[in-house]
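# My questions are about this predicted structure, shown below with the sequence.
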Amino acid sequence: MLSGELPVLPGWHALRQRRVLPADRWELAASTLLGWRMHLGAGVGVRTDADPLDVGTVAVLRIGPLTAPVRVLAVERTADRVGFSYGTLPGHPEAGEEAFVLERGPQGCTATVVALSRPASWLTRAGGPVARAAQRVAARRYLRVLTGRG
């Protein structure tokens, strides 16, 4: 998932949002991303024993009354690419994976959120388009935190 490639699967919802990241925010954005502060800045509560995160880290995310347990599947830390992905665990309202990636290259810096999911609870199945809209809103909030526009 950190590659950004999304398979097309029936019944699954794919999301990809990308924003330009000011070059002078690279270090701050990287530490914000890998220290769960992107989630916190977007209004998502995080309970975990691991900071910074690493492969296998389990966290329980909280959005209002909903809890969403996840496990970190991959982490990348290079000079020009920083990111991680997590998969949902039982009890999460969605089933799937989400990745958060910062990239720096000759064309500038970008922050990207990629997700592949489907409803895993009666609430998200009943929510249909509303649940997918909530996921898009969360992705925009994450990107605002990383880019310094939120």
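Nice, I can see it.

# hmm, who's touching the helix or strand bottoming out on mean pLDDT in the chain?
In the chain, no helix or strand scores lower on mean pLDDT, DSSP states H and E than helix 122-127, which sits at a mean of 78. With contacts defined as CB atoms under 8 Å, 6 or more residues apart in numbering, helix 122-127 is touched by 66, 93-94, 119, 131, 134. To be clear about C-beta, it is placed using only N, CA and C from the backbone, and glycine gets the same treatment.

# Highest neighbour count among those?
When the contacts of helix 122-127 are compared by neighbour count (other CB atoms under 10 Å), residue 94 ends up highest, at 22 neighbours.

# Who does it form a beta bridge with?
Under DSSP bridges, the beta-bridge partners of residue 94 are residue 119.

# what does the one 5 residues further on give?
Under the criterion DSSP bridges, residue 99 forms beta bridges with residue 85, residue 114.

# can you point me to the longest helix in this protein?
In the chain, assigned by DSSP state H, the helix with the most residues is helix 129-147.

# Can you mark which positions in that one are buried?
If you call a residue buried by 16 or more other CB atoms under 10 Å, then helix 129-147 has these buried ones: 131-132, 134-135, 138-147.

# Give me the lowest-pLDDT entry from the residues you listed.
Of all the buried residues of helix 129-147, residue 131 has the smallest pLDDT value, namely 78.

# any idea what sits nearest that residue, other than its immediate chain neighbours?
Among residues not flanking residue 131 along the chain, residue 124 sits closest, at 4.4 Å (CB to CB, 6 or more residues apart in numbering).

# Neighbours of that neighbour, how many?
21.

# again with residue 114
A total of 23 residues lie near residue 114 under the criterion other CB under 10 Å.

# shouldn't it be in contact with residue 98?
Yes: taking CB atoms under 8 Å as the definition, residue 114 is a contact partner of residue 98 at 7.1 Å.

# can you give me the helices for this structure?
When assigned using DSSP H, the helices of the chain occupy the ranges 26-34, 37-41, 122-127, 129-147.

# Tell me which of those lies nearest to residue 76.
helix 26-34 (9.8 Å; CB to CB).

# List the buried residues for the closest one?
26, 29-30, 32-34.

# Could you point out which of the residues you listed is nearest to residue 14?
Nearest to residue 14, judged by CB to CB, of those is residue 33 at 21.1 Å.
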